[in-house]
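# Got a predicted structure here, sequence first:
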Amino acid sequence: MLLLKNGTFINWQTLEFRQCDILVDEGLNGKITFNPGREVSSKATTVDCTGQYITKSFACGHHHVYSALARGMGAPKKNPENFNEILQYIWWTLDKALDSETIYYSALVTAIACAKNGVTFVVDHHASPFAVEGSLGIIAKAFDEVGVGHLLCYEISDRDGKEIAMKGLEETAGYLSDHQGLVGLHASFTVEDETLRPAVQLARQTQSGLHVHVAEALSDQEQCIHTYGKRVIERFAEAGVLEFDKTILVHCLHLSESERQLIAGSPAWVVQNMESNLNNGVGFFNSTGLGNRILFGTDGMHSDMLQSAKSAFFAGHNFDNIDYPETYRRFRNVHNYLAENNFTGDVENNLVILDYNPPTPFNSSNFPGHFLFGIENRHVRHVISHGKMIVQDRVIQTVDEQRILEESRRQAARLWKKMRG
Ligand SMILES: [Zn+2]
């Protein structure tokens, strides 16, 4: 048990500020108790939180472990001129070269980065076409070692042929038999009907949902209209993708009004990834007509959800209906997605302790202003996951970060060499 002494607790839902001591139980369903009695407190490890703010830790709605070792790699064989070439010459070249070791280190360094940014739960979308089998188990193991909760899927796709698409389905079925997770699909333009059908069927059988990129670039729509005579969301709705409360539709940039209505009328959730969209130059997210089930992801660019929220606001507020409170609502909506769908791991005893010493008054009524213009990842001092201190004084406690980073650099060099063929 941990006793967080003399901090200010910020209720993530009501934004109520409360000066108190907090007793944090360990475990998957551990509770937190405000101002506990002296007898229980004496058995706990005390953490002095004087002058610091304690609140629910953060979660990421869409991540890509597979991209972790891309940072700083050499230029692709051809300079990409559009989104499909970005996939072909960068990401699909990288993920084809992944093997079990590079997947493991990609997952470890991602989980460490998340933890140090106060992110204790990650929804990931993974691809490694030539190392499909067992890939989700490897990622789960790495996340468990660091102490970060997860909801994983394998992005099933026909882009490398039917055999690899079937391997994706098998990996998903195997993983879902003993883990919580989703049925991942890459995107409409790389998933044929013969693959889409069994994927939706698998989601029904496992009472799961789909996790898929939607209309990230205009080309996804153009291919769908050309091939199937309908738009992406029409195709997905007809196939059953939108029938699940657990379904995650990622990006949703190039949608017609009727597609927006289909999404708003379904139980599916939408993940916005502003920085990735800016980086790929594919367009801007607009929430008009999509309903309230919108959350934020990083799309593998980094693991800092505070930054994702800021970017969504700064890039979006001139045309999207996103103000300070709406930014915070989308930032926290991932907890509602996880709770409403009864996923485990995003619990009350996941906390972040912020060493935030603002130059202006800070309280319930002006919290969103501080959230957007003040609080950053550098203020994350301690992180508690399932009641266990996984980051203390900005140092990861569960694994040897230095050793992992050294090995990760070796693995990255090996991966880059493999990519050059
Ligand atoms: Zn993505």
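That came in fine, so what should we check first?
# For Leu338, which non-adjacent residue is closest in space?
Spatial nearest neighbour of Leu338, excluding adjacent residues (CB to CB, 6 or more residues apart in numbering): Asp346 at 4.3 Å. Bear in mind the C-beta positions are built from the backbone N, C-alpha and C, glycine included.
# ok, the spatially closest residue to Gly387 that is not a sequence neighbour - contacts?
Once flanking residues are discounted, Gly387 sits nearest to Glu26: 3.6 Å by CB to CB, 6+ apart. By CB atoms under 8 Å, 6 or more residues apart in numbering, the contact set of Glu26 is 1-2, 349, 386-388.
# One more pass at 7 Å, please.
Going by CB atoms under 7 Å, 6 or more residues apart in numbering, Glu26 touches 1, 386-388.
# and His126, bridged to which residues?
For His126, the beta-bridge partners are Tyr154 (DSSP bridges).
# and it, what pLDDT?
Looking at His126, its pLDDT reads 98.
# distance of it from Glu259?
Counting by CB to CB, to the nearest Å, the gap between His126 and Glu259 amounts to 27 Å.
# Looking at these two, which has the bigger crowd around it?
Using other CB atoms under 10 Å as the criterion, His126 and Glu259 rank with His126 on top: 27 against 22.
# got any ranges where the stretch 1-150 of the chain has weak pLDDT?
By pLDDT under 70, the stretch 1-150 of the chain has no low-scoring segment.
# just the contacts of Glu26 now: which is nearest Lys96?
His386 (35.3 Å; CB to CB).
# Test my guess that that closest one contacts Asp25.
No - counting by CB atoms under 7 Å, His386 stays clear of Asp25, with 9.3 Å between them.
# residues shared between the contacts of those two?
Joint contacts of His386 and Asp25 (CB under 7 Å, 6+ apart) are Asn349.
# The two: which has the busier surroundings?
His386 (22 against 17).
# Show residues contacting stretch 68-79.
Counting by CB under 7 Å, 6+ apart, 85, 89-90, 93-94, 102, 106, 109-110, 408, 411-412, 415-416 sit against stretch 68-79.
# Could you pull out the buried residues of that stretch?
Buried residues in stretch 68-79, defined by neighbour count with 16 or more other CB atoms under 10 Å: 68-70, 73, 76.
# So which bits of the helix or strand hosting Tyr328 are buried?
Using DSSP states H and E, Tyr328 sits within helix 324-340. By neighbour count on 16+ other CB under 10 Å, the buried set for helix 324-340 is 324, 326-338.
# Equivalent analysis for stretch 137-149, please.
137-140, 142-143, 145-149.
# Now do the helices in the stretch 101-250 of the chain.
All helices of the stretch 101-250 of the chain, identified by DSSP state H, counting those that start in this stretch, fall at 135-146, 162-176, 193-205, 218-228, 232-239.
# Please apply the same query to the stretch 251-400 of the chain.
257-264, 274-280, 305-316, 324-340, 367-373.
# residues in contact with His62?
His62 touches 123, 125, 248, 250, 271, 273, 297, 299, counting by CB under 7 Å, 6+ apart.
# next one: His179
Per CB under 7 Å, 6+ apart, neighbours of His179: Ala140.
# distance of it from Gln392?
28 Å.
# got it, and Glu163?
Applying CB to CB to Glu163 and Gln392 gives a distance of 47 Å.
# Who has more neighbours out of those two?
More neighbours surround Gln392 than the other of Glu163 and Gln392, with 14 against 9 (other CB under 10 Å).
# and the closest residue to the more buried one other than its chain neighbours, how many neighbours?
Nearest-residue entry for Gln392: His382, 5.4 Å, with adjacent residues in sequence omitted and distances by CB to CB, 6+ apart. The number of residues packed near His382 is 24, by other CB under 10 Å.
# And for Gln88?
Gln88 has 16 nearby residues by other CB under 10 Å.
# And for the closest residue to it other than its chain neighbours, the neighbour number?
Nearest residue to Gln88 in three dimensions, chain neighbours excluded: Pro80, at 7.5 Å (CB to CB, 6+ apart). Neighbour count of Pro80, defined by other CB under 10 Å: 14.
# Tell me the secondary structure at Pro80.
At Pro80, secondary structure determined by DSSP: H, G, I helix; E, B strand; the rest coil is coil.
# Let me see the contact set for the residue nearest to Gln392.
47, 353, 389, 391-392.
# at 6 Å what do you get?
353, 391-392 (CB atoms under 6 Å, 6 or more residues apart in numbering).
# How about Pro267?
Here Pro267 is in contact with Asp245 (criterion: CB under 6 Å, 6+ apart).
# thinking again about what came up before, adding distance to Asn279 and pLDDT, write the buried residues of helix 324-340 out as TSV.
Shown next, in TSV, are the buried residues of helix 324-340 (distance: CB to CB, whole Å; pLDDT from 0 to 100):
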residue	distance to Asn279	pLDDT
Tyr324	25	97
Glu326	23	97
Thr327	20	98
Tyr328	24	98
Arg329	25	98
Arg330	19	98
Phe331	20	98
Arg332	24	98
Asn333	23	98
Val334	21	98
His335	26	98
Asn336	27	98
Tyr337	24	98
Leu338	27	98
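# Ser188: which of these is nearest?
Of these, the one sitting nearest to Ser188 (CB to CB) turns out to be Tyr337, at 22.0 Å.
# Pull the contacting residues for the closest one.
Contacts of Tyr337 by CB under 6 Å, 6+ apart are Trp269.
# hmm, 8 Å instead?
Tyr337 is in contact with 61, 248, 269, 293, 295, counting by CB under 8 Å, 6+ apart.
# Now compare these and name the two farthest from each other.
Gly61 and Arg293 (10.6 Å).
# what residues are shared contacts of the two?
Joint contacts of Gly61 and Arg293 (CB under 8 Å, 6+ apart) are 269, 333, 337.
# can I assume the first one is in contact with Cys252?
No - counting by CB atoms under 8 Å, Trp269 does not reach Cys252; the two are 10.3 Å apart.
# Between those two, which is the more surrounded one?
More crowded of Trp269 and Cys252, by other CB under 10 Å: Trp269, with 29 against 24.
# Quick check: the more buried one vs Val214, distance?
11 Å.
# Return every residue with contacts to both of the two.
Leu249.
# Next, the angle helix 135-146 makes with the helix ranked longest in the chain.
Longest helix of the chain, by residue count under DSSP state H: helix 401-420. On the basis of axes from the mean of the first three to the mean of the last three CA atoms, to 10 degrees, helix 401-420 is oriented at 160 degrees to helix 135-146.
# Helix 401-420 - what's its average pLDDT?
Mean pLDDT, computed over helix 401-420, is 96.
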